[in-house]
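Undergrad: How does the following fold in three dimensions:
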Amino acid sequence: MWFSPKIASAIDILLRPELRRALAATGLFIINYVIETVYSILLCPILWFGHTIFLTGLLFGREIG
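TA: Here you go, the predicted structure:
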């Protein structure tokens, strides 16, 4: 579910000739997509850890503001 909008958008772009032409370089799009997906996969656990620390702080009375 986390990556499904990203995957659906990439499939939509690759299946529509007018969108591929707008990009001018399908190969660069695919390389960019892979790099961005790897970055997101690496960043997600860091963000989840930060959210966990934040929510745990709220449980113990830490205030927002």
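Undergrad: Counting neighbours, what do you get for A10?
TA: The number of residues packed near A10 is 18, by other CB atoms under 10 Å. Heads up, the C-betas are built off the backbone N, CA and C, glycines and all.
Undergrad: oh sorry, the question was meant for L14
TA: L14 has 15 nearby residues by other CB under 10 Å.
Undergrad: wait, doesn't it sit right on R20?
TA: Yes - with contacts counted by CB atoms under 8 Å, L14 reaches R20, the gap being 6.7 Å.
Undergrad: Quick one: the helices in this protein, in order.
TA: 4-15, 17-23, 26-59 (DSSP state H).
Undergrad: Which of those sits closest to G65?
TA: helix 26-59 (11.9 Å; CB to CB).
Undergrad: So for the chain, the centremost residue is which one?
TA: S40 (4.9 Å; CA atoms, centre = their mean).
Undergrad: State the phi and psi torsions of the closest residue in space to that one that isn't next to it in sequence.
TA: With CB to CB, 6 or more residues apart in numbering as the criterion, S40 has its nearest non-adjacent residue at 7.2 Å, and that residue is F3. Backbone geometry at F3, expressed as degrees, to the nearest 10, gives phi -100, psi 0.
Undergrad: Now do F3, the pLDDT please.
TA: F3 carries a pLDDT value of 85.
Undergrad: Mutual contacts of L14 and R20, please.
TA: Residues touching both L14 and R20 (CB atoms under 8 Å, 6 or more residues apart in numbering): 26, 29.
Undergrad: before we move on, the earlier item: tell me, which of the helices of the chain is the model least confident about?
TA: Across these, the lowest-scoring stretch is helix 17-23, with a mean of 84.
Undergrad: Quick one: distance of it to the chain centre.
TA: Relative to the mean C-alpha coordinate of its chain, helix 17-23 is positioned 22 Å out (CA atoms, centre = their mean, to the nearest Å).
Undergrad: Packing partners of it?
TA: In terms of contacts (3 or more CB pairs under 8 Å, 6 or more residues apart in numbering; DSSP states H and E), helix 17-23 is packed against helix 4-15, helix 26-59.
Undergrad: Reformat those helices as CSV; add distance to G65.
TA: Shown next, in CSV, are those (distance: least, CB to CB, whole Å):
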stretch, distance to G65
helix 4-15, 32
helix 26-59, 12
